[in-house]
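> structure for this input, please:
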Amino acid sequence: MDLAGKVAVVTGGASGIGLAAARAFMEKGAKVVIADVNMTSILGSVGEPNAFAYNASKGAVNLMTKSLALQYADRNIRVNAVEPGYIESEWSIEMRWVRSFMMG
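Numbers count the residues shown, from 1 in each chain. Next up is the predicted model:
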């Protein structure tokens, strides 16, 4: 099968089955877009009390994303991360209310 001139979008293509699929498409002549999602958080950039491990892990994802973007820029490969800020939701409103009654 000749896939020249075709584009394949492979999610989860950084390893395992996704990587094997991406390679197979490339061998058949397709241009391949590998789409993995780096999910970080605003807490990777700012501190939050009692969340040091979470903050550190999200900060690590931020720096990993920046480093990979620099590493692959000369190959025209984009590396981005999703970093949502605080989102007011029913859950966050309820947690704020619960915390207002907590002692300590």
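> how much space between the residue nearest the centre of the chain and residue 52?
What sits nearest the mean C-alpha location of the chain, by CA atoms, centre = their mean, is residue 38, with 0.8 Å. Per CB to CB, to the nearest Å, residue 38 is found 21 Å from residue 52. From N, CA and C alone the C-beta is placed, and that goes for glycine too.
> domain assignment for the protein?
1-36, 39-104 (automatic domain parsing).
> reformat those domains as CSV; add mean pLDDT and mean neighbour count.
Formatted as CSV, those follow (pLDDT from 0 to 100; neighbours: other CB atoms under 10 Å):
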stretch, mean pLDDT, mean neighbour count
domain 1-36, 89, 14
domain 39-104, 82, 11
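> tell me the helix or strand right after the longest helix along the chain.
For the chain, the helix reaching the highest residue count under DSSP state H is reported as helix 52-72. Under the assignment DSSP states H and E, the closest C-terminal helix or strand after helix 52-72 is helix 90-99.
> dump that following helix to CSV, keeping only the CA atoms.
This file holds the C-alpha atoms of helix 90-99, laid out as CSV (Å, rounded to 0.1, in the frame of the first residue of the first chain):
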residue,chain,number,x,y,z
GLU,A,90,-19.1,22.8,41.5
TRP,A,91,-16.4,20.7,43.0
SER,A,92,-14.0,23.6,43.7
ILE,A,93,-16.8,25.7,45.2
GLU,A,94,-17.7,22.8,47.5
MET,A,95,-14.1,22.2,48.5
ARG,A,96,-13.7,25.9,49.4
TRP,A,97,-16.8,25.6,51.6
VAL,A,98,-15.5,22.4,53.3
ARG,A,99,-12.1,23.9,53.9
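> need the contact partners of that helix.
Contacts to helix 90-99, defined as CB atoms under 8 Å, 6 or more residues apart in numbering, come from residues residue 86.
> repeat that for stretch 44-61.
With CB under 8 Å, 6+ apart as the criterion, stretch 44-61 contacts 38-41, 43, 62, 81, 83.
> need those residues in a markdown table (columns: distance to residue 89).
Below are the contacts of stretch 44-61 laid out as a markdown table (distance: CB to CB, whole Å):
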| residue | distance to residue 89 |
| --- | --- |
| 38 | 22 |
| 39 | 17 |
| 40 | 19 |
| 41 | 14 |
| 43 | 16 |
| 62 | 23 |
| 81 | 21 |
| 83 | 17 |
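> cool, thanks, signing off.
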